[in-house]
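In: Sequence and computational prediction follow.
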Amino acid sequence: MAALVNAHLVTSQTIKLSSELGSSELREGQVLGGLRFPLKPLRAKKLRNGRIRSAGENGSTSSNGSASRMVPIEEALKGRNATFLSKRSDPRINGTANGGAKSSTNGAAVRKSNAYENANGSANGSANGSVNGSSGGRTNGFASPVMMSRQLEGVSIGKVNGSASTDVVIPNVDVAKRVLQPPVDVTKYDEQPLRVLPSDEGFSWAKEDYSATQRNIDVWSFVLTLRSRVWLLDAKWTYIGGFTEEKQKARRRSLAVWVRERILQLGPTFIKLGQLSSTRSDLFPAEIVEELAKLQDRVPAFSAEKAMAFIEKELGAPVDELFADFERQPIAAASLGQVHRAILRNGERVVVKVQRPGLKRLFDIDLNNLKVIAQYFQNSESMGGPTRDWLGIYEECATILYQEIDYLNEGRNADRFRRDFRKQKWVKVPQVFWDYASQKVLTLEYVPGIKVNDVAVLDAGGFNKSKIASLAIEAYLIQILRTGFFHADPHPGNLAVDADGSLIYYDFGMMGEIKSFTREKLLEMFYAVYEKDAQKIIQALIELGALVPTGDMGSVRRSVQYFLDNLMDQKPDQAATFSAIGEDLFAIAVDQPFRFPATFTFVLRAFSTLEGIGNTLDPDFSFAKIAAPYAQELLDSRNGSQSGSQYFVQELQRQAADARDATVAMPQRVQRVDKIMRQLEAGDLKLRVRSLEAERSARRASVMQMATINTIFAVGLANIGVTLSTAQGISAVSNSSFVGAGVFLLLLVNNVRRMRNLDKFEKML
Ligand SMILES: Nc1ncnc2c1ncn2[C@@H]1O[C@H](COP(=O)(O)OP(=O)(O)OP(=O)(O)O)[C@@H](O)[C@H]1O
């Protein structure tokens with residue numbers, strides 16, 4: 001690892017208590033403020049300032065003998081401001097050490113101030129006091145939070161007890177900076193000012209006494225108003241001054257804004273569903289999808305009191321006891337919960353994810369209503385009922401929602417994801433502190449990072465953005481094609497970059513799983529994409545159930561070929577992006593026999609999000625360029641360890657076998673063709689051909705016909721208007737003729753626009 005250290009770490013006043021005399025070294029692998037310490041030990045003597053000796057603590061760390069215990073400065077310096085030197089550790093290590101320690105300082109006056117804002121604290125020199133160290137307390141790796149907090153209450157810096165001594169090292173800023181040469185001022189993100197989030201106080205769903213009846217009324221009044229507004233969209237007579245496409249578009253836009261606002265009013269269930277729908281251009285019009293995308297960062301937060309009371313209820317102990325410090329202001333608020341920073345009693349910096357209270361009850365009511373709505377949609381022609389699986393979509397959403405409010409499930413997902421990426425050191429997944437976890441509260445290692453879309457900060461830190469883009473794609477390919485367990489919501493808020501350029505993943509509430517058969521087929525499709533083989537892709541899609549084979553596969557093949565050509569030869573300035581491809585695919589699906597299973601839409605959604613991230617990070621970003629070497633690697637690994645000649649021989653054998661099968665089957669096939677021909681001639685067999693191309697031509701002809709009629713009427717009426725006004729001067733009749741001509745002209749413009757769209761569509765195929 002390059003010698004990377006966070007300037008914040010060294011500008012902070014840090015204290016380390018270690019059992020080993022003179023071991024006031026910062027070792028490789030130690031973690032400061034969530035960032036791993038570099039390379040070689042840094043002798044304490046290089047760092048000025050004081051030392052304190054204290055009792056050894058290693059002995060008390062049962063789960064990892066080598067783990068040296070970090071003690072918060074505040075515990076050492078009674079109320080002084082400082083940031084902690086912490087250690088990334090196995091959850092079991094937390095809560096160890098100091099079991100049975102006697103406190104001489106009564107918890108060292110847990111400070112209420114913001115520990116994160118004290119990077120330049122004044123804890124200089126020696127910290128006085130006596131340490132009543134671990135005194136051989138047997139540790140309980142999985143102590144309950146309450147028990148642990150009780151034990152840790154006694155963590156104290158006071159009189160040194162025992163023969164060992166503790167070093168307290170307070171690095172000098174300048175010396176440390178010079179020695180460590182940080183490449184980036186990570187204080188920029190580690191100490192970033194907190195955004196003031198809007199409060200949830202004005203929203204009825206946030207009230208404790210919100211009744212189920214009131215909720216039903218609120219939901220149904222939204223649904224019914226929405227239905228009538230959608231109906232009004234197409235009721236041409238309701239447009240004052242006559243219907244125009246522009247007016248309809250404006251009405252649709254105002255409807256979309258209204259939907260977004262009402263969704264915010266309706267709260268968590270609808271916000272989450274709105275966020276999920278914000279990529280379903282196959283289901284909703286573009287204006288709605290655009291507005292729904294804005295829901296991502298406009299979610300109100302709940303008060304610190306509410307959060308703290310909820311934590312106490314969930315974890316069974318007051319926040320004061322559980323944490324040495326708990327930041328009242330959340331660092332983020334999302335539809336289902338919010339995130340607070342905190343410091344454990346052992347000095348570990350963590351984030352506490354607190355779920356919005358009352359979510360389960362709200363979901364139960366809302367999903368009951370939504371099920372009725374889905375059933376209505378399913379039976380409604382205008383909502384595409386017969387062709388869209390609204391009930392399936394409802395089931396999918398309900399599953400996601402209930403899964404997302406089970407934070408224990410999220411914790412398990414995080415652990416699994418971390419295990420999947422254990423070999424890729426460039427992917428970081430926060431540790432879960434299981435002792436501080438419940439179904440509604442999750443405590444995770446604090447791993448600050450720069451969000452992948454925060455280009456200005458990445459630039460200022462000198463990060464290699466195209467490398468980050470490549471890593472993001474590669475990490476995703478590993479998930480989809482190798483492990484089969486993928487992050488289904490990789491939006492920029494859930495992906496950050498560490499000081500050493502590694503990727504940090506947050507939020508494991510929504511994970512997808514690809515079964516091995518599907519993975520195998522996706523892998524085949526991936527190779528086929530790499531080889532630009534449309535036929536193989538179609539075969540894989542059929543086997544995946546994403547494509548229903550029909551007689552007219554020619555146009556499907558051409559569509560696929562079009563995407564292949566655009567995808568593989570994609571240039572940054574070309575619009576053939578994943579999101580465009582997704583939209584086009586969905587548009588084409590109306591005509592063609594594609595069916596998109598949930599996994600497929602999630603994968604496509606994830607790829608288009610990643611593509612967006614890639615484009616933000618690197619103007620020359622090309623998905624294909626990044627994927628190609630990866631595909632090659634997979635191809636090589638698929639061909640196993642066989643040498644080139646072995647592979648060649650195997651390929652020859654395969655082709656020979658194909659040829660043999662074809663030859664053996666030939667006489668049978670000829671016989672069948674002959675039989676069919678005779679049946680046709682005898683009139684026993686009728687062939688009904690449905691040609692999608694012919695249907696498209698018919699649609700085109702009908703638009704042309706309408707355009708011709710509109711032209712005739714426009715010109716005719718304009719002629720009458722001109723004739724009348726020259727003969728009789730401007731009159732009501734001549735004016736009406738001009739107006740009529742204008743209307744037909746507009747219709748003509750509309751026809752021309754439709755023709756252009758059809759042309760564009762034709763070219764795509
Ligand atoms: N372990 C962590 N260390 C540092 N920051 C974190 C950590 N976990 C979460 N965050 C911050 O909190 C934000 C929200 O977290 P997260 O996405 O897990 O919450 P959420 O409620 O699941 O949100 P949503 O599902 O809407 O994305 C993240 O974008 C990140 O900025």
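Out: Looks like it arrived, so ask away. Numbering: from 1, shown residues only.
In: got a list of what the residue of the stretch 301-450 of the chain found nearest the ligand touches?
Out: The stretch 301-450 of the chain approaches the ligand most closely through residue 334 (3.0 Å), counting by Cβ to the nearest ligand atom. Any C-beta I mention is one placed from the backbone N, CA and C, and that applies to glycine too. Residue 334 is in contact with residue 299, counting by Cβ atoms under 8 Å, 6 or more residues apart in numbering.
In: Residue 759 now?
Out: Contacts of residue 759 (Cβ under 8 Å, 6+ apart): none.
In: Mind listing what's buried along the helix or strand hosting residue 538?
Out: In the assignment (DSSP states H and E), residue 538 maps to helix 534-544. Buried residues in helix 534-544, counted by 16 or more other Cβ atoms under 10 Å: 534, 536, 537, 538, 539, 540, 541, 542, 544.
In: Can you name every helix or strand that that helix contacts?
Out: helix 516-531, helix 553-568 (3 or more Cβ pairs under 8 Å, 6 or more residues apart in numbering; DSSP states H and E).
In: Now tabulate these in JSON lines and tack on distance to residue 417.
Out: JSON lines is the format used below for these (distance: least, Cβ to Cβ, whole Å):
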{"stretch": "helix 516-531", "distance to residue 417": "16"}
{"stretch": "helix 553-568", "distance to residue 417": "28"}
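In: The ligand: which of these is closest?
Out: helix 516-531 (24.8 Å).
In: Also compute the angle for the closest one relative to helix 534-544, please.
Out: Interaxial angle of helix 516-531 relative to helix 534-544 (axes from the mean of the first three to the mean of the last three Cα atoms, to 10 degrees): 170 degrees.
In: Now do the buried residues in helix 516-531.
Out: Of the residues in helix 516-531, 518-530 count as buried by neighbour count, 16+ other Cβ under 10 Å.
In: can you give me the mean pLDDT across it?
Out: Regarding helix 516-531, the rounded mean pLDDT is 75.
In: go on, stretch 475-490?
Out: In this model, stretch 475-490 has a mean pLDDT of 85.
In: Pull up the distance across that stretch, start to finish.
Out: 11 Å (Cα to Cα, to the nearest Å).
In: residue contacts, residue 441?
Out: 310, 311, 314, 315, 352, 353, 354, 355, 407.
In: what's the closest non-adjacent residue to it?
Out: residue 314 (4.4 Å; Cβ to Cβ, 6 or more residues apart in numbering).
In: Surely residue 537 touches residue 526?
Out: No: with contact defined as Cβ atoms under 8 Å, residue 537 does not reach residue 526; the gap is 9.5 Å.
In: coming back round to it: ok, of the buried residues of helix 534-544, which one's closest to the ligand?
Out: Lowest distance from the ligand to the buried residues of helix 534-544 (Cβ to the nearest ligand atom) belongs to residue 544, with 27.9 Å.
In: where's that closest one relative to residue 732, distance?
Out: Distance check for residue 544 against residue 732: by Cβ to Cβ, to the nearest Å, it reads 65 Å.
In: can you check residue 701 too?
Out: 38 Å.
In: between those two, which one's more packed in?
Out: Neighbour totals were compared for residue 701 and residue 732, and residue 701 leads with 10 against 7 (other Cβ atoms under 10 Å).
In: Now the helix holding residue 538: average pLDDT?
Out: 82.
In: which outside residues touch that helix?
Out: 518, 521-522, 524-525, 527-529, 547-549, 553, 556-558, 560-561, 564, 594, 597, 600.
In: Within reach of the ligand, which of those residues are there?
Out: Checked against the ligand using Cβ under 6 Å from any ligand atom, those yield no neighbours at all.
In: Strands of the protein, residue ranges please.
Out: 31-32, 35-36, 323-326, 332-333, 337-344, 349-355, 427-428, 441-445, 450-451, 485-487, 495-497, 503-505, 511-513 (DSSP state E).
In: for the last one, packing partners?
Out: For strand 511-513, the elements it packs on are strand 485-487, helix 598-617, judged by 3+ Cβ pairs under 8 Å, 6+ apart.
In: and the longest one, what does it pack onto?
Out: The one in question is helix 598-617. helix 455-460, helix 465-477, strand 485-487, strand 511-513, helix 578-591, helix 623-638.
In: cutoff 7 Å now
Out: helix 465-477, helix 578-591 (3 or more Cβ pairs under 7 Å, 6 or more residues apart in numbering; DSSP states H and E).
In: Now for the residue nearest to residue 257 when sequence neighbours are not counted: which residues touch it?
Out: Closest residue in space to residue 257, ignoring its immediate chain neighbours: residue 291 at 6.0 Å, by Cβ to Cβ, 6+ apart. Taking Cβ atoms under 7 Å, 6 or more residues apart in numbering as the contact definition, residue 291 lies against 256, 257, 259, 260.
In: So which of those residues belong to helices?
Out: Members of the contacts of residue 291 lying in helices (criterion: DSSP state H): 256, 257, 259, 260.
In: Going by distance to the ligand, which of these wins?
Out: Looking across the ones in helices among the contacts of residue 291 and measuring by Cβ to the nearest ligand atom, the closest to the ligand is residue 260, at 15.9 Å.
In: That closest one touches residue 292, doesn't it?
Out: Yes: here residue 260 reaches residue 292: they are 6.5 Å apart, a contact under Cβ atoms under 7 Å.
In: pLDDT weak spots in the stretch 551-700 of the chain?
Out: Judged by pLDDT under 70, the stretch 551-700 of the chain has its weakly predicted residues at 551-552, 555, 563, 566-601, 604, 624, 627-673, 675-676, 679-696.
In: run the last query once more with 50
Out: Scanning the stretch 551-700 of the chain for pLDDT under 50 picks out the ranges 570-576, 591, 593, 641-645, 647, 651.
In: go on, the stretch 51-200 of the chain?
Out: By pLDDT under 50, the low-scoring segments of the stretch 51-200 of the chain are 51-192.
In: Quick check: residues of it near the ligand?
Out: Residues of the stretch 51-200 of the chain lying near the ligand (Cβ under 6 Å from any ligand atom): none found.
In: Output the ones in helices among the contacts of residue 291 in TSV; the columns should cover neighbour count and pLDDT.
Out: What follows is the ones in helices among the contacts of residue 291, written out as TSV (neighbours: other Cβ atoms under 10 Å; pLDDT from 0 to 100):
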residue	neighbour count	pLDDT
256	20	92
257	14	92
259	22	92
260	21	89
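In: Buried residues of stretch 230-240, list them for me.
Out: residue 233.
In: which residues are in contact with it?
Out: So stretch 230-240 is in contact with 243, 247, 248, 251, 252, 255, going by Cβ under 7 Å, 6+ apart.
In: Mark which of those are buried, thanks.
Out: Neighbour counting by 16+ other Cβ under 10 Å classes 243, 251, 252, 255 among the contacts of stretch 230-240 as buried.
In: Identify the residue with the minimum pLDDT among the residues you listed.
Out: Out of the buried ones among the contacts of stretch 230-240, that is residue 243, at 87.
In: Need the nearest residue in space to it, chain neighbours excluded.
Out: Nearest one to residue 243, counting by Cβ to Cβ, 6+ apart, is residue 236 at 3.9 Å.
In: Same question for residue 331.
Out: Counting by Cβ to Cβ, 6+ apart, residue 339 is the residue found nearest to residue 331 once chain neighbours are left out, at 5.3 Å.
In: Tell me the bridge partners for the closest residue in space to residue 428 that isn't next to it in sequence.
Out: Nearest residue to residue 428, sequence neighbours excluded (Cβ to Cβ, 6+ apart): residue 504, at 4.7 Å. Applying DSSP bridges to residue 504 gives these bridge partners: residue 428, residue 496.
In: hang on, residue 504 packs against residue 498?
Out: Yes: counting by Cβ under 7 Å, residue 498 is a contact partner of residue 504 at 5.6 Å.
In: Can you check which residues contact both of those two?
Out: Joint contacts of residue 504 and residue 498 (Cβ under 7 Å, 6+ apart) are 428, 449.
In: Please report how far residue 239 lies from residue 717.
Out: 21 Å.
In: what residues does the protein put near the ligand?
Out: By the rule Cβ under 6 Å from any ligand atom, the part of the chain lying against the ligand is 331-332, 334-337, 339, 351, 353, 430, 444-448, 493-494, 506-507, 509.
In: Thank you kindly, that will do.
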